[in-house]
Each structure stands twice: as C-alpha cells, then as structure tokens.
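Visitor: All I have is the shape, not the residue letters:
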Ligand code: ZN
C-alpha cells in the first residue's frame with residue numbers, strides 16, 4: 001500500500017488528486033485490476049466526479065454546506081459536526097478499475113480529495129490489486 005499527503009488550504013475544499021493516484025498506479029506496474037483510494041479521516045472524503053469544469057465541485061461543496069451548515073446547533077460539541085456529516089454523505093473511499101495500466105475513468109471524471117474541516121495535512125492511501 002502506498003500513501004501521500006494532501007495539504008488543504010481552506011475549511012471546505014475539493015482537491016483533484018487524479019494525477020497523484022495515477023503516479024502510484026504507474027509505480028506498481030500493475031496493468032489490470034482495481035485501484036482503491038481511501039482516506040483515514042472522519043471529516044474528509046474521497047469522491048469521483050467531473051474535473052473538467054471546476055464549477056461542478058464548487059456546486060457540490062456549496063450544496064453539501066446547505067445540507068450540513070457550519071454552526072453549533074449539533075450535539076457533537078467539537079464544532080465540526082457538519083464536517084463529520086459531509087464525510088459520511090460522500091464516503092471515505094473510491095475504487096477505480098485499472099485497464100491496460102491506466103485508471104478506467106470516464107473522459108470527464110477525476111478523483112477528488114474532499115476537505116470538510118481544514119486547513120489540515122491529510123493522508124490518502126492507495127492500494128492496487130491485480131486481477
Ligand atoms: Zn469532531
């Protein structure tokens with residue numbers, strides 16, 4: 001298993017990590033299989049969506065903020081309950097099929113690290129399994 005660090009700059013932020021995951025995949029030399037991308041944090045997430053137009057991730061982030069707004073009306077007293085909720089809604093992992101040495105992403109798809117309680121230094125794990 002490989003890992004890399006994502007340093008976020010804002011409280012909520014979507015960061016395209018497709019290139020970093022692709023670098024890990026190339027290092028493995030695996031031609032066909034499954035690539036798992038996982039983040040071990042309770043206030044962050046991993047998602048796959050359009051990375052061609054940045055307004056898409058902006059809209060997703062904005063709508064998540066309206067579903068779980070920042071504030072103190074939650075039972076969790078740490079002040080980041082909204083971030084925990086967003087993390088659960090989006091999920092902490094994705095899997096991508098590997099075909100002929102590259103990720104079988106659609107033309108407009110990219111892998112995003114989603115920060116919901118930044119800025120922080122975050123870890124992303126990548127595991128590629130041949131098959
Ligand atoms: Zn918390």
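Guide: Looks like it came in fine. In this text the structure is predicted, and so the values were computed from the model without any measurement. Numbers count the residues shown, from 1 in each chain.
Visitor: mind listing what's buried in stretch 74-87?
Guide: By neighbour count with 16 or more other CB atoms under 10 Å, stretch 74-87 contains the buried residues 74, 80, 81, 82, 83, 84, 85, 86, 87. Every residue, glycine included, has its C-beta placed from N, CA and C.
Visitor: which one among those gets closest to the ion?
Guide: residue 80 (4.4 Å; CB to the ion).
Visitor: of the buried residues of stretch 74-87, list those near the ion.
Guide: residue 80 (CB under 5 Å from the ion).
Visitor: separation between the residue of the chain found nearest the ion and residue 27?
Guide: When distances are taken as CB to the ion, the chain reaches nearest to the ion at residue 78, 3.6 Å away. For residue 78, the distance to residue 27 (CB to CB, to the nearest Å) stands at 37 Å.
Visitor: What segments of this protein are strands?
Guide: For the chain, applying DSSP state E gives strands covering 2-7, 13-16, 33-38, 44-50, 93-99, 102-103, 109-115, 121-130.
Visitor: okay, those strands, which one's buried deepest?
Guide: Taking mean count of other CB atoms under 10 Å as the contact definition, the stretch among these with the greatest mean neighbour count is strand 109-115, which reaches a mean of 24.
Visitor: now the angle from that strand to strand 2-7?
Guide: Strand 109-115 runs at 60 degrees relative to strand 2-7, counting by axes from the mean of the first three to the mean of the last three CA atoms, to 10 degrees.
Visitor: what packs against strand 109-115?
Guide: Using 3 or more CB pairs under 8 Å, 6 or more residues apart in numbering; DSSP states H and E, the elements in contact with strand 109-115 are strand 13-16, helix 18-28, strand 44-50, helix 81-90, strand 121-130.
Visitor: Name the residues of this protein found near the ion, please.
Guide: Applying CB under 5 Å from the ion, one finds that the chain approaches the ion through 78, 80.
Visitor: Could you identify the longest helix within the chain?
Guide: The helix of greatest length in the chain, counted in residues with DSSP state H as the criterion, is given as helix 54-67.
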